[in-house]
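**Q** Provided below for reference: sequence and predicted model.
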Amino acid sequence: MLFKVEMKVNVPNDIDKELFAKQVDEEKMRAKELQEQGIWRHLWRVAGQYANVSIFDVDSPQTLHDLMMSLPLFPYMEVEVTALCHHPSSIHSDDR
Ligand SMILES: O=C(O)CC1=CCC(=O)O1
């Protein structure tokens, strides 16, 4: 199942900078793993914002939920999830 996930990162003004830098590194490593596994299919920066638009390929909404909750930067994120399905005019057969 494909999901569009929009993540906006809100960094608290009083955050410990070292802790946050560590969490960013951990997020980067997790994102790399999930991309290599074909789960995090697309990861795009939203121009001009500390935000991204991503496409995830997971077996259920519960799996997506568990995955999102486990992201190191999740505590700072606003997240919007949109379920996607095949478009009848798409020429790609692998976008289900
Ligand atoms: O920078 C972001 O948008 C949050 C994030 C997602 C994956 C990653 O490495 O950072």
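**A** Received, thanks.
**Q** I'd say residue 31 and residue 41 touch.
**A** No - using Cβ atoms under 8 Å, residue 31 is not in contact with residue 41, being 11.7 Å away. Every C-beta, even on glycine, is put in place using the N, C-alpha and C of the backbone.
**Q** These two: who's more crowded?
**A** Using other Cβ atoms under 10 Å, the more surrounded residue of residue 31 and residue 41 is residue 31, with 17 against 14.
**Q** for the more buried one, helix, strand, or coil?
**A** On the three-state scheme (DSSP: H, G, I helix; E, B strand; the rest coil), residue 31 is labelled helix.
**Q** List the residues that contact it.
**A** By Cβ atoms under 8 Å, 6 or more residues apart in numbering, the residues touching residue 31 are 40, 43.
**Q** distance of it from residue 89?
**A** Separation of residue 31 from residue 89 (Cβ to Cβ, to the nearest Å): 31 Å.
**Q** Same question for residue 44.
**A** Distance from residue 44 to residue 89, by Cβ to Cβ: 22 Å.
**Q** which of the two has more neighbours?
**A** More neighbours surround residue 44 than the other of residue 44 and residue 89, with 10 against 5 (other Cβ under 10 Å).
**Q** for that one, helix, strand, or coil?
**A** On the basis of three-state DSSP, residue 44 is classed as strand.
**Q** Would you confirm that it contacts residue 52?
**A** Yes - here residue 44 lies in contact with residue 52, judged by Cβ under 8 Å, at a distance of 6.0 Å.
**Q** pLDDT of stretch 5-23, averaged?
**A** Stretch 5-23 shows a mean pLDDT of 97.
**Q** Could you work out the end-to-end span of it for me?
**A** End-to-end span of stretch 5-23 (Cα to Cα, to the nearest Å): 20 Å.
**Q** What lies in contact with that stretch?
**A** Contacts for stretch 5-23 (Cβ under 8 Å, 6+ apart): 46, 49-56, 64, 68, 72-73, 76-82.
**Q** Among those residues, name the ones in strands.
**A** Counting by DSSP state E, these place 51-56, 77-82 in strands.
**Q** any idea how far residue 19 lies from the ligand?
**A** Residue 19 sits 16 Å away from the ligand, taking Cβ to the nearest ligand atom, to the nearest Å as the criterion.
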